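J.: Starting from these lines, generate the structure:
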Amino acid sequence: MLFYIKKKNNLLQVGNYISQYYYHNIIAFYGSMGSGKTTLISYICQCLGSTNLVNSPTFSIVNEYLSNEIGKIYHFDFYRIENEYEIYDLGYEEYFYSKNICLIEWPDKYEHILPINYHKVIINKNGIIRKIKFI
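T.: Numbering: from 1, shown residues only. Below is the predicted model of the structure:
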C-alpha cells in the first residue's frame, strides 16, 4: 500500500491501516531523521488500543506499551546500537518470537537478525510531502 501524506496529523490514517492489515508481528520502519517514524508508531499504538505515551526509545533501546486489545507492544530504536552484540544482550529473540507486535526504528544495519517474514514501512519525506510505503 502506498500513501502520500501532506500533514503530520494525516499519519493517523496510515497508522489505522497498518494496525488493521499487518500479518507479521515485526514491522520495520525505514526513513531519515525527522521523517515521522516515531509519530507513525505512536498512531499505530493508539489504533491498536494502547493509551501509553509513545516516545522514541533511543537511549533505552526498547519501550513496552500495553494494549487492552492485543497485549504488549514493543518499540525498538536501533539508532544508537554500535554492534549487534548489544542486540543479542538485549535478548531480542524473546521479543521477536513472542508473537507480540515489535515496531523497529532504524533496522537498516541489523536486518539480518530480523525474522524472514516481517513488514517494511518506508518513509520518504520531500518537503511537506511524505511518501509512505507499507510492504
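J.: From E94, how far out is the spatially most central residue of the chain?
T.: Nearest to the mean C-alpha position of the chain, by Cα atoms, centre = their mean, lies L103 at 3.1 Å. L103 sits 16 Å away from E94, taking Cβ to Cβ, to the nearest Å as the criterion. C-beta coordinates here come from the backbone N, C-alpha and C atoms, glycine included.
J.: same check, this time on H112
T.: On the measure of Cβ to Cβ, H112 and E94 end up 18 Å apart.
J.: what does N16 give?
T.: 29 Å.
J.: for the lowest-mean-pLDDT helix or strand in the chain, the distance to its chain's centre please.
T.: One helix or strand of the chain scores below all others by mean pLDDT, DSSP states H and E: helix 84-90, with a mean of 90. Put simply, helix 84-90 sits 19 Å off its chain's centre (Cα atoms, centre = their mean, to the nearest Å).
J.: returning to that earlier point: of H112 and E94, who's got more company?
T.: Comparing H112 with E94 by other Cβ atoms under 10 Å, the one with more neighbours is E94, at 10 against 6.
J.: which SS class is the more buried one?
T.: Under DSSP: H, G, I helix; E, B strand; the rest coil, the three-state class of E94 is helix.
J.: K120 too?
T.: Judged by three-state DSSP, the three-state class of K120 is strand.
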